[in-house]
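>>> Just need the structure, nothing else, for what follows:
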Amino acid sequence: MIISKNSPLAALMQTFPRAGRLEWIGLRPAKRAALISVDVARAIAGAGLEGDHYSGRSGNRGITLLQAEHLPVIAALAGIEEMAPKTLRRNLLVSGINLAALKDQRFQIGEVVLEGASIAHPCSRMEEVLGPGGFNAMRGHGGLCARVIQGGLLRVDDALIAGAADC
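Okay, here's the model as predicted:
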């Protein structure tokens, strides 16, 4: 669907009730390796996160984001009491903003400008991690893949600002 930049719908799609917040950062040093939790990470334009094995492999999947509000939903659907963000193998855990609304939008976290590239669908590995049905437990809750437009530092507690004209 193509939406005119001057349409009322386009204005609604750029309006967010509040800023979000970066809750957690994880790096995957190698394929299938355990994620490393960090408080600060460097995003590299066109690549991803320094020290993450996906960095430089795909500009569209430079960084993966997961919505903190979805962790209890995924846990409930998978029959698990509590869900740690590193279990789901995404880079950033954010709260307070609807990630699905950021697809095809530019947004800023700390110094970094990102662009929502695609919905992050679960992979078959979720069956291993979450148990039988883990793939389906995560469907619709897998988060967002984003391109790094402007690099810089990301810090836990940074604000996620969407809809800003200068992003």
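
>>> From now on I want contacts and neighbour counts done on CA atoms only, so please keep to that.
Noted.

>>> centroid residue for this structure?
When CA atoms, centre = their mean is applied to the chain, the residue found nearest the centroid is Leu65 (1.0 Å).

>>> helix or strand for that one, which one?
Using DSSP states H and E, Leu65 sits within strand 63-67.

>>> Give me the helices and strands touching that strand, please.
For strand 63-67, the packing partners by 3 or more CA pairs under 8 Å, 6 or more residues apart in numbering; DSSP states H and E come out as strand 92-95, strand 144-150.

>>> that older thread, Gly26 versus the residue nearest to the centre of the chain, what's the distance?
Computed as CA to CA, to the nearest Å, the Leu65 to Gly26 distance reads 10 Å.

>>> so what sits against both of those two?
90-92 (CA atoms under 8 Å, 6 or more residues apart in numbering).

>>> Take these and write them to TSV, including distance to Ile74, neighbour count and pLDDT.
Formatted as TSV, the shared contacts of Leu65 and Gly26 follow (distance: CA to CA, whole Å; neighbours: other CA atoms under 10 Å; pLDDT from 0 to 100):
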residue	distance to Ile74	neighbour count	pLDDT
Arg90	14	24	93
Asn91	17	26	96
Leu92	16	24	98
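
>>> Pick out whichever of those residues sits closest to Gly143.
Nearest to Gly143, judged by CA to CA, of those is Arg90 at 8.2 Å.

>>> now the closest one: how far from Glu23?
Distance from Arg90 to Glu23, by CA to CA: 12 Å.

>>> Pull the residues that contact the lengthiest helix in the chain.
The residue-count maximum for a helix in the chain (DSSP state H) belongs to helix 71-78. The contact list for helix 71-78 (CA under 8 Å, 6+ apart) reads 81-85, 130-131, 133-134, 137-138, 141.

>>> those helices in the protein, which residues are they?
According to DSSP H, the helices that the chain contains are 8-13, 71-78, 125-130, 134-138.
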